[in-house]
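> Sequence and predicted structure, then a few things I'm wondering about:
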2 protein chains.
Amino acid sequence: MRNLITYTPIGVVKNYFYDPDDPENIRNTQSILILDEKYIPALEGIERYRYLLVVYHIDRSSGYREKVHPMGDPSIPERGVFSTRSPCRPNPIGITVVEILGIEAGSIKVTGLDALNGSPILDIKPYEEHFDSPVELEREKNMSNQPTETLN
Amino acid sequence: MRNLITYTPIGVVKNYFYDPDDPENIRNTQSILILDEKYIPALEGIERYRYLLVVYHIDRSSGYREKVHPMGDPSIPERGVFSTRSPCRPNPIGITVVEILGIEAGSIKVTGLDALNGSPILDIKPYEEHFDSPVELEREKNMSNQPTETLN
């Protein structure tokens, strides 16, 4: 039996999508990340980034399903939910890279987010090649594979 | 007052890092993601991917701090924690792109993970350029900016 983990949302997503829609449509519009006022000082420095990772709770997930059709497309054979981005995960956590369009106190206007209006925001992180890009992972691996002789 | 959100870990990280260490060192070694047996069927299809996003609970975070030194380096001026990848976040959720080295039933051997031994795993997602890369975000934006005339 595993211990439960409890989080408190730091804010909420605002946009015009109140009901599930094509994620593509949602991503192509603008959303506003409204952070609780107490977190405004914790945003200091975020303006130096162009992209953020937004971590949110998919509160309208229909619940866990072991197997799903990728992209909800019944013409694609079902697969394990962990090999898809379906919301029907045991822990419905959504993660999307967004582009910052503007920042005003605790409100961040973004594009690229696929969350519905009202989704609770759990975390905001700067997008860093170092952690978030496979390209960077490859580069590091190649560096650590270099024979040490060449470093002398 | 916001509603609490509760998750149940799906598994645990195994590696040789029992105490906080340089994240670079942790990433350069191998870790094993051990999923609870009941989730083995939900992994079906994951072998078609090379990279995963691992979402984990940073259970040894020292707690929320509004301002931190980026990378814990006191020579870098403090900033808001949301403009860093520091573990001292209100909700200590870690997200890392990892490379799959091998899969055996509910165990996935990976490299690139920066989680300590015993970290509870919350979610595993295939890394998809479509959701996870700013490059893809740019491409989509450029496509939607194309004048419709050129599509006829």
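Structure received.
> Find the nearest non-adjacent residue to A:Gly112, please.
A:Val98 (4.1 Å; C-beta to C-beta, 6 or more residues apart in numbering or on different chains). Placement of C-beta: from N, CA and C, glycine included.
> Run through the residues that contact the one you found.
Shown in contact with A:Val98 (C-beta atoms under 8 Å, 6 or more residues apart in numbering or on different chains): A:Ser31, A:Tyr51, A:Leu52, A:Leu53, A:Val54, A:Val110, A:Thr111, A:Gly112, A:Leu113, B:Leu137.
> Tell me the pLDDT of the residue nearest to the spatial centre of chain A.
Residue closest to the mean C-alpha point of chain A, counted by C-alpha atoms, centre = their mean, is A:Ile95 at 1.8 Å. Per-residue confidence at A:Ile95 stands at 96 (pLDDT).
> same deal with A:Asn3?
Per the predicted model, pLDDT is 87 at A:Asn3.
> The one 3 residues further on too?
According to the predicted model, the pLDDT of A:Thr6 comes to 97.
> which helices and strands does whichever helix or strand it is part of pack with?
Assigned by DSSP states H and E, A:Thr6 belongs to strand A:5-7. With contacts taken as 3 or more C-beta pairs under 8 Å, 6 or more residues apart in numbering or on different chains; DSSP states H and E, strand A:5-7 sits against strand B:5-7.
> Buried residues of the strand it packs on, list them for me.
Buried residues in strand B:5-7, counting neighbours by 16 or more other C-beta atoms under 10 Å in any protein chain shown, are found at B:Ile5, B:Tyr7.
> Likewise for stretch A:46-60?
Neighbour counts using 16+ other C-beta under 10 Å place A:Ile46, A:Tyr51, A:Leu52, A:Leu53, A:Val54, A:Val55, A:Tyr56, A:His57, A:Ile58, A:Asp59 of stretch A:46-60 among the buried residues.
> Next up, the contacts around the third one.
Contacts here follow C-beta under 8 Å, 6+ apart; on that basis A:Leu52 touches A:Ile46, A:Val97, A:Val98, A:Ile100, A:Ile108, A:Val110, A:Ile124, A:Lys125, A:Pro126, A:Tyr127.
> Please give me every residue in contact with the second one.
Looking back up the chat, that one is A:Val97. The neighbourhood of A:Val97, defined by C-beta under 8 Å, 6+ apart, consists of A:Tyr51, A:Leu52, A:Leu53, A:Gly112, A:Tyr127, A:Asp132, B:Phe131, B:Asp132, B:Ser133, B:Pro134, B:Leu137.
> What's the first helix or strand after the host helix or strand of the second one?
Element membership for A:Leu52 (DSSP H and E) is strand A:51-57. Using DSSP H and E, the helix or strand that follows strand A:51-57 in sequence is strand A:67-68.
> Right, I'll leave it there.
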